[in-house]
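In: Coordinates for the following, if possible.
(chains A and B, ligands or ions: 2)
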Protein chains: 2
Amino acid sequence: MSKIPVIEIFGPTIQGEGMVIGRKTMFVRTAGCDYRCAWCDSAFTWDGSEKDNIRLLTPSEVFQELKLLGSHNFNHVTISGGNPALIGKPMMELIKIFHEHDIRVGLETQGSRWQEWFTLVDDLTISPKPPSSGMKTDFDVLDRIIENLDENRMSLKVVVFNDEDFDYSRMVHKRYPSIDFYVSVGNKDPYETGDISSRLLNSLDWLWSKVIEDPEMNNVRALPQLHALVWANKRGV
Amino acid sequence: MSKIPVIEIFGPTIQGEGMVIGRKTMFVRTAGCDYRCAWCDSAFTWDGSEKDNIRLLTPSEVFQELKLLGSHNFNHVTISGGNPALIGKPMMELIKIFHEHDIRVGLETQGSRWQEWFTLVDDLTISPKPPSSGMKTDFDVLDRIIENLDENRMSLKVVVFNDEDFDYSRMVHKRYPSIDFYVSVGNKDPYETGDISSRLLNSLDWLWSKVIEDPEMNNVRALPQLHALVWANKRGV
Ligand code: SF4
Ligand code: SF4
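Out: Ligands and ions are numbered 1, 2, ... in the order given. Next up, the predicted model:
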């Protein structure tokens, strides 16, 4: 297949979490996921509820749509999902188009699949899923993915909802001690309407306390999802 | 003088802003400043209101106090003020002690003075002050400071309160385009008690809109002061 199943293209907006937190970026969200996380905040990418919005686009169509939306007002694109790692060759072409136009590329994927084009990504975030997701990490796969990547252009990020998740994040950090490591507070209810900032800030306060008192977490970065703080659960921003 | 005028030592806590946002750190806050910013959130370091808390400590006394407070529970110390760049040789000694103990060092200074020991700092933030501060940047001094530093271990950060400040931040970013650049929302009232998070999140929303619509700000990182979001204006956290 030489096309990419795209469910959303939007921006310019601000990256709210992880290694490029606070940076202006465009988003390309692909359809489909090999996981079914209990608290998935992007379930519409795989649960069929928005299957009429999925479009099969060539890499150059994706690029044209981004330029139409963002004009000269961006130089970074984040590829997110679903799991973009389900897609092969056309993603490689897309990233090459971006680089030809001096656009940097970020990727978010859970680390369940390897793709050759990962090596081209400038800011690669692998986010293995903690126990509360209901998913199980295949560490043999994850080991091989991380071995093949450039440590300076990647990070690990674990979303944490509870103590068990925190222990999981500590274990992952210990397994890959030289990789930049982010813990992020989970959004317990991605469909709640209205202002959710005090709930999220309380969770961050809790996560910070856990990190502060744990000498094995001296190096990690503990961050919120800023976009959820500022824009609550709005879509397409 | 072989001692450091210290007004506060605290931690472990989380760095709430700038290039190491979200990272566990200890704080050493020095007394004295050559500026008088209108909205200074650390005026107690220079306005005489807490002069009885200023202690002259040797570098090794500072280190011992940090170990007493933080034990093995940290590997990063942030030196802040006031303006720590008013202090010379004992700061060099202090940083050497930190490095001998595998502790990384961050520094925050406004860029009005150069010190030899800047070159030893691992995460150096220069934060020139915008028009709303009432201060004037000496760009000859700033040019010379930045020329002498390693770009990979430093960043620029400008606190923004209004449109004029934003224009100033854009001008600074343009002058030093290769330096990592952060804009941060100002806290209009550092003495307000109670929950200030919605005020700060509204300011961040405003700053993000400014950045999003400005093609000259494609590369910057626009961030809040997370500690103020989580802990409001509390001191010593
Ligand atoms: S991996 Fe991501 S997109 Fe897939 S189910 Fe989990 S949270 Fe949702
Ligand atoms: S430079 Fe910093 S410490 Fe000095 S007056 Fe300005 S805000 Fe306060």
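In: what about residue A:19, which SS state?
Out: For residue A:19, the assignment made with DSSP: H, G, I helix; E, B strand; the rest coil gives helix.
In: The one 10 residues further on too?
Out: When the structure is reduced to helix, strand and coil (three-state DSSP), residue A:29 reads as strand.
In: Near the nearest residue to residue A:102 once chain neighbours are set aside, how many other residues are there?
Out: In space, not counting the residues next to it along the chain, residue A:102 is nearest to residue A:75; the distance is 6.3 Å by C-beta to C-beta, 6 or more residues apart in numbering or on different chains. Heads up, the C-betas are built off the backbone N, CA and C, glycines and all. Here the count is done by other C-beta atoms under 10 Å in any protein chain shown, and residue A:75 has 19 residues near it.
In: Tell me how far residue A:75 lies from residue A:66.
Out: Using C-beta to C-beta, to the nearest Å, residue A:75 is found at 11 Å from residue A:66.
In: ok, now residue A:125?
Out: As it turns out, when the distance is counted by C-beta to C-beta, residue A:125 lies 20 Å from residue A:66.
In: same thing with residue A:231?
Out: Going from residue A:231 to residue A:66 by C-beta to C-beta gives 21 Å.
In: So which residues on chain A come close to chain B?
Out: A:12-14, A:20-24, A:71-76, A:182, A:195, A:197-198, A:201, A:204-205, A:208, A:211-215, A:217-224, A:226, A:229-231 (C-beta under 8 Å from any C-beta of the partner chain).
In: show me the contacts for the residue nearest to residue A:102.
Out: Taking C-beta atoms under 8 Å, 6 or more residues apart in numbering or on different chains as the contact definition, residue A:75 lies against A:24, A:102-104, B:218-219.
In: again, but for residue A:129
Out: Taking C-beta under 8 Å, 6+ apart as the criterion, residue A:129 is in contact with A:35, A:37, A:110, A:135, A:137, A:159.
In: How about residue A:225?
Out: Counting by C-beta under 8 Å, 6+ apart, residue A:225 touches A:16-17, A:184-185, A:187, A:200.
In: Among residue A:231 and residue A:66, which residue is more densely surrounded?
Out: Between residue A:231 and residue A:66, counting by other C-beta under 10 Å, residue A:66 is the more crowded of the two (24 against 20).
In: Helix or strand: which one has the more buried one?
Out: Taking DSSP states H and E as the definition, residue A:66 sits inside helix A:59-70.
In: before we move on, back to that, buried among the residues of chain A next to chain B? Make that a ChimeraX selection.
Out: Under the burial definition 16 or more other C-beta atoms under 10 Å in any protein chain shown, those of the residues of chain A next to chain B that qualify are selected in ChimeraX by:
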select /A:12,13,14,20,21,22,23,24,73,74,75,76,182,197,201,204,208,211,212,217,218,220,221,222,223,224,226,229,230,231
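In: Okay, and which of the residues of chain A next to chain B map to helices?
Out: A:197-198, A:201, A:204-205, A:208, A:211-212, A:226, A:229-231 (DSSP state H).
In: Chain neighbours aside, what residue packs nearest to the residue in chain A positioned nearest to ligand 2?
Out: Closest contact between chain A and ligand 2, by C-beta to the nearest ligand atom, is at residue A:22 (21.0 Å). Beyond its immediate neighbours in the sequence, the residue positioned closest to residue A:22 (C-beta to C-beta, 6+ apart) is residue B:221, lying 3.7 Å away.
In: which residues does the one you found form a beta bridge with?
Out: With beta bridges defined as DSSP bridges, residue B:221 has these partners: residue A:23, residue B:182.
In: pretty sure it contacts residue B:180?
Out: Yes - here residue B:221 reaches residue B:180: they are 7.5 Å apart, a contact under C-beta atoms under 8 Å.
In: Around ligand 1, which positions in chain A sit nearby?
Out: Counting by C-beta under 6 Å from any ligand atom, chain A comes close to ligand 1 at A:33, A:35-37, A:40, A:42, A:45, A:81-83, A:110, A:129.
In: Just the buried ones out of these, please.
Out: Buried members of the residues of chain A next to ligand 1, counted by 16+ other C-beta under 10 Å: A:33, A:35, A:37, A:40, A:42, A:45, A:81-83, A:110, A:129.
In: and which of those is nearest residue A:147?
Out: Sorting these by how near they are to residue A:147, with C-beta to C-beta, puts residue A:110 at the top with 17.1 Å.
In: Which stretches in chain A count as strands?
Out: Counting by DSSP state E, chain A has these strands, from start to end: A:4-14, A:24-30, A:55-57, A:76-80, A:104-109, A:123-126, A:154-160, A:181-185, A:221-223.
In: by how many degrees do the fifth one and strand A:154-160 diverge?
Out: The one in question is strand A:104-109. 40 degrees (axes from the mean of the first three to the mean of the last three C-alpha atoms, to 10 degrees).
In: again, but for the longest one
Out: When the same axes, to 10 degrees is applied, the directions of strand A:4-14 and strand A:154-160 differ by 90 degrees.
In: Distance from strand A:4-14 to the middle of the chain?
Out: 13 Å (C-alpha atoms, centre = their mean, to the nearest Å).
In: next one: the third one
Out: Using C-alpha atoms, centre = their mean, the mean C-alpha position of strand A:55-57 is found 21 Å from that of the whole chain.
In: Please apply the same query to the last one.
Out: Distance of strand A:221-223 from its chain centroid, counting by C-alpha atoms, centre = their mean, is 15 Å.
In: May I have the beta-bridge partners of residue A:10?
Out: For residue A:10, the beta-bridge partners are residue A:27 (DSSP bridges).
In: so where is chain A shaky, pLDDT-wise?
Out: Where chain A drops to pLDDT under 70, the residues are A:1, A:233-237.
In: Just give the closest residue to residue A:216, not the sequence neighbours.
Out: That would be residue A:170: by C-beta to C-beta, 6+ apart, it lies 5.7 Å from residue A:216.
In: wait, I meant residue A:26
Out: The spatial neighbour of residue A:26 that comes closest, neighbours along the chain excluded (C-beta to C-beta, 6+ apart), is residue A:11 at 3.4 Å.
In: Tell me how many other residues surround the nearest residue to residue A:187 once chain neighbours are set aside.
Out: Nearest residue to residue A:187, sequence neighbours excluded (C-beta to C-beta, 6+ apart): residue A:228, at 5.5 Å. Burial of residue A:228 is recorded as 20 neighbouring residues (other C-beta under 10 Å).
In: any idea how far residue A:228 is from ligand 1?
Out: In this structure, residue A:228 and ligand 1 are separated by 14 Å, where distance is defined by C-beta to the nearest ligand atom, to the nearest Å.
In: That residue against residue A:16, yeah?
Out: Yes - the pair residue A:228 and residue A:16 passes the contact test of C-beta under 8 Å, sitting 6.7 Å apart.
In: I appreciate the help and will end here.
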